[in-house]
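**Q** Below is the structure, and that's it, no one-letter string:
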Ligand SMILES: CC(C)(COP(=O)(O)OP(=O)(O)OC[C@H]1O[C@@H](n2cnc3c(N)ncnc32)[C@H](O)[C@@H]1OP(=O)(O)O)[C@@H](O)C(=O)NCCC(=O)NCCS
């Protein structure tokens, strides 16, 4: 049986994180944004390494590690009464097994129940929108977001309360 461990991301994880993001970005975004957009995103990742992806000050990066290495990530940052999450990615062959749910729970666990938690999801990422809805997120607006490589995409802004997520 594969052993899973939720832990904070550390600098030594850099190579594995680069590999994970290359794989998940290609699988998630190539079919909907096209290969040119994904190539620009990957070039940005290669050039800037982990700047902008690794958690900065006031942010917490969490990963799900297994015997096979890191299989998922999420980053969370508290901004006043609302926490933002981004970078929730699970390796394609581990999706649909509860890994995303574990990472979302780990991001929320230290937060107070009254806090709101917000995420931006690409309109085209239907499985992710369904995932967040199932966990109690509702759409509160739409926005244009900019992905690495200056790729602009329409996103759904989704909100839930930490208390509801835990219920
Ligand atoms: C969205 C994403 C993070 C969800 O991660 P995940 O590990 O697949 O999530 P889970 O397995 O916890 O839940 C996914 C589905 O699997 C099912 N599932 C959960 N646990 C399960 C289990 N133990 N056995 C079988 N199925 C299970 C659930 O029914 C769930 O359905 P839902 O999506 O309708 O809610 C993942 O699909 C992903 O990385 N997608 C690509 C990147 C992306 O779009 N990220 C979001 C950026 S905002």
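**A** Okay, I see it. Just so you know, these numbers come straight off a predicted model, no measurement behind them. Residues are numbered from 1 along each chain as shown.

**Q** In this structure, where is pLDDT below threshold?
**A** 1-2, 49-54 (pLDDT under 70).

**Q** Show me what from it comes close to the ligand.
**A** 24, 28, 88-90, 95-101, 119, 121, 125, 127-128, 130-131, 134 (C-beta under 6 Å from any ligand atom). Using the backbone N, CA and C atoms, a C-beta is placed for each residue, glycine as well.

**Q** Which part of the protein gets nearest to the ligand, residue-wise?
**A** For the chain, the residue closest to the ligand is residue 100, as judged by C-beta to the nearest ligand atom, at 2.2 Å.

**Q** got the buried residues for the biggest helix by length in the chain?
**A** Counting by DSSP state H, the longest helix found in the chain is helix 14-33. Buried residues in helix 14-33, counted by 16 or more other C-beta atoms under 10 Å: 16, 17, 18, 20, 21, 24, 25, 26, 28, 29, 33.

**Q** Looking at those residues, spot the one nearest residue 3.
**A** residue 16 (16.3 Å; C-beta to C-beta).

**Q** and the nearest residue to that closest one once chain neighbours are set aside, bridged to which residues?
**A** Leaving aside its sequence neighbours, residue 16 sits nearest to residue 70 (C-beta to C-beta, 6 or more residues apart in numbering; 4.6 Å). For residue 70, the beta-bridge partners are residue 65 (DSSP bridges).

**Q** Please apply the same query to residue 142.
**A** residue 156.
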